[in-house]
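K.L.:
Fold the following, please.
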Amino acid sequence: MSAHAIGVNTWVWASPLDDGTLAELAHKTAKAGFDVLELPVENLGDWKPEAAAALLSDLGLSAAVALVMPPGRELVNADAATIASTKDYLRSCVDIAATVGAPALCGPAYSSVGRTWRMTEAERESTVGELRDNLAPVLDHARQAGVVLGVEPLNRYETSLLNTVGQTLAAIEGLPACGVALDVYHQNIEETDVPKAIASARGRIAHVQVCGNDRGTPGKDHFDWPALLAALEMAGYDGPLCIESFTAHNRSIATAASIWRPLAASQDALAFEGLAFLREVIARS
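P.N.:
Residues are numbered from 1 along each chain as shown. The predicted structure follows:
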């Protein structure tokens, strides 16, 4: 069994991220024993990539980078100006990932989170074609930068376009510098067999985010974690497992992620107990 590095997203504690908070959380997570710090790019300029790269290197941390799709960022079914600005944002995120040394940039790189609409099969096929066309220049930039774009399927309440691993694999088939980013929270909702869905993405998994099935602490939930890890092994994935959850203290992100109650005794407990559990279950597997 691969000894996966373990990471955590700064969203567990704060949003939006800035240089001061990044420094505080980098020291906190390095001291706790994390290997990777996952950095969301909510807005360009929120934090300085060069400074982050130096800080993480000094602390022995690796970086992961998450793109963010709030209302107004769209690659499909939108006006030309919105699509163009979204492409520019994604290319800038690729540059940030390259600067901090993250091998992949991951997230729902197709539509804003929470945007849903009904589609006929013909409309869905056309929309996926539009997505592929609009991803092309972003992927060309990613290929040149040495970064893989991981496209993340989301649950049905957060998007109507890509909900399952199978849909996502079909949408990105044949695209260079592109893979699927898995978040087990979404797979738990959408897949009838989560390990089977994970295993089906063999060779295409760019990044993996984990949490409890309720977005809480890994291990304090009903997931069959040994089965999930075995599926990742079957899929050939040996990259990091990054804990992603959210603080209820930021109104916009709590609303976007539907965080209406505390998910652990504290945000530190969610992260640190999750880290200990993941280390244990990996060691046993």
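K.L.:
secondary structure element for Glu123?
P.N.:
Assigned by DSSP states H and E, Glu123 belongs to helix 121-145.
K.L.:
which helices and strands does that helix pack with?
P.N.:
Packing contacts for helix 121-145, counted by 3 or more CB pairs under 8 Å, 6 or more residues apart in numbering; DSSP states H and E, involve helix 80-100, strand 148-151, helix 165-172, strand 178-183. Where you see a C-beta, it was placed from the backbone N, CA and C, and this is true even at glycine.
K.L.:
can I get these in CSV with distance to Ala23 and mean neighbour count?
P.N.:
Formatted as CSV, those follow (distance: least, CB to CB, whole Å; neighbours: other CB atoms under 10 Å):
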stretch, distance to Ala23, mean neighbour count
helix 80-100, 14, 19
strand 148-151, 26, 26
helix 165-172, 34, 20
strand 178-183, 26, 25
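K.L.:
Would you mind giving these as CSV with mean pLDDT and distance to Ala14 added?
P.N.:
As requested, the helices and strands packed on helix 121-145 are exported to CSV (pLDDT from 0 to 100; distance: least, CB to CB, whole Å):
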stretch, mean pLDDT, distance to Ala14
helix 80-100, 98, 18
strand 148-151, 98, 23
helix 165-172, 98, 29
strand 178-183, 98, 19
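K.L.:
As TSV, those with distance to Thr29 would be great.
P.N.:
As requested, these are exported to TSV (distance: least, CB to CB, whole Å):
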stretch	distance to Thr29
helix 80-100	15
strand 148-151	21
helix 165-172	28
strand 178-183	19
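K.L.:
follow-up on the earlier one: just the angle between the helix holding Glu123 and helix 165-172, please?
P.N.:
Using axes from the mean of the first three to the mean of the last three CA atoms, to 10 degrees, the inter-axis angle of helix 121-145 relative to helix 165-172 is 70 degrees.
K.L.:
list the contacts for Ala271?
P.N.:
8, 12-13, 29, 32, 34, 243 (CB atoms under 8 Å, 6 or more residues apart in numbering).
K.L.:
Which strand or helix spans Ala254?
P.N.:
helix 251-256.
K.L.:
Can you tell me what sits against that helix?
P.N.:
11, 15, 70, 113-114, 246-248, 259-260.
K.L.:
Could you identify the buried members of those?
P.N.:
In those, burial by neighbour count holds for 11, 15, 113-114, 246-248, 259, counting by 16 or more other CB atoms under 10 Å.
K.L.:
quick one: the closest residue in space to Pro262 that isn't next to it in sequence and Cys211, what's the gap?
P.N.:
Spatial nearest neighbour of Pro262, excluding adjacent residues (CB to CB, 6 or more residues apart in numbering): Ala248 at 6.4 Å. Plainly put, Ala248 is 14 Å away from Cys211 if you go by CB to CB, to the nearest Å.
K.L.:
now Glu130
P.N.:
Taken as CB to CB, the span from Glu130 to Cys211 is 31 Å.
K.L.:
Same question for His249.
P.N.:
According to CB to CB, His249 and Cys211 sit 18 Å apart.
K.L.:
With neighbour numbers in mind, choose between the two.
P.N.:
Cys211 (25 against 12; other CB atoms under 10 Å).
K.L.:
from what I can see the more buried one touches Phe246, true?
P.N.:
No - Cys211 lies out of contact with Phe246 (CB atoms under 8 Å); the separation is 9.4 Å.
K.L.:
distance between the helix or strand bottoming out on mean pLDDT in the chain and the chain's centre?
P.N.:
Here the helix or strand of the chain ranked lowest by mean pLDDT, DSSP states H and E is helix 251-256, holding a mean of 76. Relative to its chain's centre, helix 251-256 lies at 17 Å (CA atoms, centre = their mean, to the nearest Å).
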